[in-house]
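Novice: Have a look; sequence and predicted model below, questions after that.
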Amino acid sequence: MGYREEYKFWSEDPFFDEATRNELTALTDEKEIEDRFYKNLEFGTAGFRGVLGAGTNRMNVYTVWKASTGLAQYILSCGSEAVTRGVVISYDSRHFSPEFADITAETLAAYGIKSYLSDELRPVPMLSFSVRYFKAFAGVMITASHNPSKYNGYKVYGEDGGQVPPEAADIILKSIEAITDLTAMKKMPLEEAKAAGLVTMFGDEADEAYTSMLTELVVDQEAINRQADMSIVYTPLHGSGNKPVRRILERVGFKNIHIVTEQELPDGAFPTVKLPNPEDPQALSMAIELAKKTDASLVFGTDPDSDRIGAAAKVVENGEVKYRCFTGNQMGLMLLDYILDAKQKAGKLPEKSFAVTTIVSTKLAKPVCDYYGVELMEVLTGFKFIGEKIKLFDEFGDMHYQFGFEESYGYLSGRDVRDKDAVVAAMLICNMAAASFEAGETLADRLDHVYAKYGFGLEETVSITLEGKEGIEKIKHSMDELRTELEACGSAAQAQALLGGPSVVAVRDYATSKRYEFTEAGVNISDIDLPKSNVLLYELGGDKGIDWACARPSGTEPKLKIYFGCYDSDKAAAVSRLASVKKSVTEYVEAKLK
């Protein structure tokens, strides 16, 4: 059916509830109608995310019902053991998250598939942990992470607690696409499913198991004991981190934690912030104001599903108290160095240890790992790839995972969770702050010491938001144009002119798995040993030979993202070079969007 036929079906058929039909019949903007129905909400590598509302290209009970039907068909195809082991379901504080979680359980129950349904909102890391804890076959998390309040989403996890791998995602997608008659979909009322033993509510038991696991990941308990009264401010940003974060901090011994009460309770409207994203310093503004009143040494906040964390540390400049916010790369770098240093000094850093980061994260992770004799593995953007490395090289291999992070404020220690975990990150950041306080320094001082040890680095990201059908088409067109110009480059001289300023040493095209290295004589092409992905990474040389820029469409938002990194022994030189690279590359990419 075309979008108009789909619209007519949804707005007239009695299968759809009255509120849905009324919402649709009230629409008068043809572009809005087209955007709601020109396609189905796309099920990507681990699920989908979209604007709330009626329509095939929106998040609503019918698209969730359809996705859960496809998931049920996949589980049935995997045999009776998969059906019996079942699915763990959790959700965050977003609008309709509890309702979407319920209909997921009701749909699975209609096919005889057992599920464990969270009895209240719980974050992504707890969902990942609980899949492993209950030995379930899969997991579903209802969340749109840090997106604006008009969004929600549906993420599917595999039996290892990581986001479902591409092979399984493809099968689930085919099952979803095979559903052509929505009116034939089944579900079992929740209370009936509970009575039949097909839905089990879970809560305190998993909370305790998760918290106990986290206590084993403390790096320096003595530092916490001596600095237990260190003043800390935390904001859950109206999300699901409130209880688990406070629980672990209190369990390990921190006694002076101040909560931003205006942002403490769950609220899917996120009324006190423009965006519930701790990557944005503005999201921490209320927490910083509280920190000034309580003389806090550390401020941090978690996003709605508590998989990302942003932090700031107290500094005194010219007699004035300020709070310095850290980027995701800076915090990842500090945590990596702190964990490896503490373990090495304690004699607890085993041989064949490894850490994992992503292709768009700071390149200073490599010298840190080299210093401690730890192997650094670099993966595509997406924490599922970090989880895969843990599974392959630690759980089923003979190596030892130490830490993983990505530039978008995601961190993970331990192997019992397979997605980014802001709860363990909160504990580790507080532990690191306590150790710094012991040494008479702040986290800002610690970062300066890290740069002095490994070289100065500066990274930034520019996000260009392009919503709707036209936006998606523009992003696709721009990436196609970038590839066309890359493939036309035949020498170093042509590559030099590619970005209009920065020298281009090589370009990695992850969509074709090819690396193009430019010389005066021509181009040397080699293979890239990573999964295919719509990413172009430009190697720019620089003082340390590791400057870079990258363009990629976001996998979770309607954005084209451009990343930059410049590294130098001289801070001023890196700052100047980054400004130049940022300007040239952004203008080059933006020109392809017109």
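Specialist: Ah, there it is. Quantities reported herein were computed from a predicted structural model and do not represent experimental measurements.
Novice: check contacts around D229.
Specialist: K255, N256 (CB atoms under 8 Å, 6 or more residues apart in numbering). C-betas here are computed from N, CA, C, even on glycine.
Novice: Map the structural domains onto the sequence of this structure.
Specialist: 39-207, 226-325, 329-420, 457-591 (automatic domain parsing).
Novice: possible to save these as JSON lines with mean pLDDT and distance to G2?
Specialist: Shown next, in JSON lines, are the domains of the chain (pLDDT from 0 to 100; distance: least, CB to CB, whole Å):
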{"stretch": "domain 39-207", "mean pLDDT": "96", "distance to G2": "11"}
{"stretch": "domain 226-325", "mean pLDDT": "97", "distance to G2": "33"}
{"stretch": "domain 329-420", "mean pLDDT": "97", "distance to G2": "33"}
{"stretch": "domain 457-591", "mean pLDDT": "91", "distance to G2": "14"}
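Novice: Tell me what the nearest residue to N524 once chain neighbours are set aside is bridged to.
Specialist: The shortest distance from N524 to any non-neighbouring residue, by CB to CB, 6 or more residues apart in numbering, is to E517 (4.4 Å). Beta-bridge pairing for E517 (DSSP bridges): A506, N524.
Novice: what's E517 in contact with, if anything?
Specialist: E517 sits in contact with V505, A506, V523, N524, I525, S526, where contact means CB under 8 Å, 6+ apart.
Novice: one step back: mind giving me TSV with the domains of the chain and columns for distance to A426?
Specialist: Output for the domains of the chain, formatted as TSV (distance: least, CB to CB, whole Å):
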stretch	distance to A426
domain 39-207	11
domain 226-325	5
domain 329-420	10
domain 457-591	22
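Novice: E590 reaches V462, doesn't it?
Specialist: No - with contacts defined as CB atoms under 8 Å, E590 does not count as touching V462, sitting 9.1 Å away.
Novice: coming back round to it: filter the contacts of E517 down to the buried ones.
Specialist: Among the contacts of E517, those classed as buried by 16 or more other CB atoms under 10 Å are V505, A506, V523.
Novice: which one of the residues you listed sits closest to R132?
Specialist: Of all the buried ones among the contacts of E517, R132 sits closest to A506, with 39.7 Å by CB to CB.
Novice: Show me where the stretch 451-594 of the chain has its strands.
Specialist: For the stretch 451-594 of the chain, the strands defined by DSSP state E, counting those that start in this stretch occupy 456-465, 506-509, 514-518, 523-527, 536-541, 547-553, 559-568.
Novice: swap that for the stretch 201-350 of the chain, sorry
Specialist: With DSSP E, counting those that start in this stretch as the criterion, the stretch 201-350 of the chain has strands at 232-235, 257-259, 298-302, 309-317, 320-325.
Novice: nearest to K39, of these?
Specialist: Among these, the nearest to K39 by CB to CB is strand 298-302 (32.8 Å).
Novice: Can you name the residues that contact V164?
Specialist: Residues near V164 by CB under 8 Å, 6+ apart: T45, A46, G47, A138, V156, Y157, G158, I172, K384.
Novice: By neighbour count, which of those residues wins?
Specialist: Y157 (30 neighbours; other CB atoms under 10 Å).
Novice: Present the contacts of E517 as JSON lines; the columns should include distance to A574.
Specialist: Below are those laid out as JSON lines (distance: CB to CB, whole Å):
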{"residue": "V505", "distance to A574": "17"}
{"residue": "A506", "distance to A574": "20"}
{"residue": "V523", "distance to A574": "29"}
{"residue": "N524", "distance to A574": "28"}
{"residue": "I525", "distance to A574": "30"}
{"residue": "S526", "distance to A574": "28"}
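Novice: Out of the residues you listed, flag the one nearest to L27.
Specialist: Distance to L27 across the contacts of E517 (CB to CB) is lowest for A506, with 49.3 Å.
Novice: And the closest one, how close does it get to S526?
Specialist: 9 Å (CB to CB, to the nearest Å).
Novice: intersection of neighbour lists for those two?
Specialist: Here A506 and S526 have R515, E517 as joint contacts, going by CB under 8 Å, 6+ apart.
Novice: can I get the strands of the stretch 201-350 of the chain in JSON lines with distance to G468 and mean neighbour count?
Specialist: As requested, the strands of the stretch 201-350 of the chain are exported to JSON lines (distance: least, CB to CB, whole Å; neighbours: other CB atoms under 10 Å):
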{"stretch": "strand 232-235", "distance to G468": "32", "mean neighbour count": "28"}
{"stretch": "strand 257-259", "distance to G468": "38", "mean neighbour count": "17"}
{"stretch": "strand 298-302", "distance to G468": "30", "mean neighbour count": "29"}
{"stretch": "strand 309-317", "distance to G468": "29", "mean neighbour count": "21"}
{"stretch": "strand 320-325", "distance to G468": "32", "mean neighbour count": "15"}
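Novice: can I get those strands in CSV with distance to T512?
Specialist: Shown next, in CSV, are the strands of the stretch 201-350 of the chain (distance: least, CB to CB, whole Å):
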stretch, distance to T512
strand 232-235, 43
strand 257-259, 49
strand 298-302, 37
strand 309-317, 35
strand 320-325, 38
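Novice: mind checking which of these is nearest F456?
Specialist: Nearest to F456 among those is strand 320-325; the distance by CB to CB comes to 15.8 Å.
Novice: Quick check: neighbours of that closest one in the sheet, parallel or antiparallel?
Specialist: Sheet pairing here is set by DSSP bridges, and for strand 320-325 it gives strand 309-317 (antiparallel).
Novice: any residues touching the strand it pairs with, and which ones?
Specialist: Strand 309-317 is contacted from outside by 277-281, 283-284, 287-288, 291, 295-303, 321-326, 328, 331, 409, 411, 422, 425-426, 429, 433, 442-444, using CB under 8 Å, 6+ apart.
Novice: Just the buried ones among those residues, please.
Specialist: By 16+ other CB under 10 Å, these give 277-280, 283-284, 287-288, 291, 296-303, 323-326, 328, 331, 409, 411, 422, 425-426, 429, 433, 442-444 as buried.
Novice: May I have the phi/psi pair for T107?
Specialist: Main-chain dihedrals, T107, degrees, to the nearest 10: phi -70, psi -50.
Novice: Confirm for me that it is in contact with P189.
Specialist: No - under the criterion of CB under 8 Å, T107 is not in contact with P189, lying 11.4 Å apart.
Novice: The two: which is more packed in?
Specialist: The neighbour count for T107 versus P189, taken as other CB under 10 Å, is higher for T107 (25 against 12).
Novice: count of residues packed around H95?
Specialist: 17.
Novice: Doesn't it belong to a helix?
Specialist: No - per DSSP: H, G, I helix; E, B strand; the rest coil, H95 lies outside any helix segment and is coil.
Novice: mind checking how far it is from R226?
Specialist: Here the criterion is CB to CB. By it, H95 lies 44 Å from R226.
Novice: likewise G414?
Specialist: According to CB to CB, G414 stands 24 Å off from R226.
Novice: The nearest residue to T56 once chain neighbours are set aside: how many residues sit nearby?
Specialist: Closest residue to T56 apart from its sequence neighbours, by CB to CB, 6+ apart: N40 at 4.9 Å. N40: 17 surrounding residues under other CB under 10 Å.
Novice: can you pull the contacts of N40?
Specialist: Per CB under 8 Å, 6+ apart, neighbours of N40: T56, N57, T63, I176, E177.
Novice: do you know how far the closest residue to the third one other than its chain neighbours is from I386?
Specialist: In space, not counting the residues next to it along the chain, T63 is nearest to L41; the distance is 5.2 Å by CB to CB, 6+ apart. The spacing between L41 and I386, counted by CB to CB, is 26 Å.
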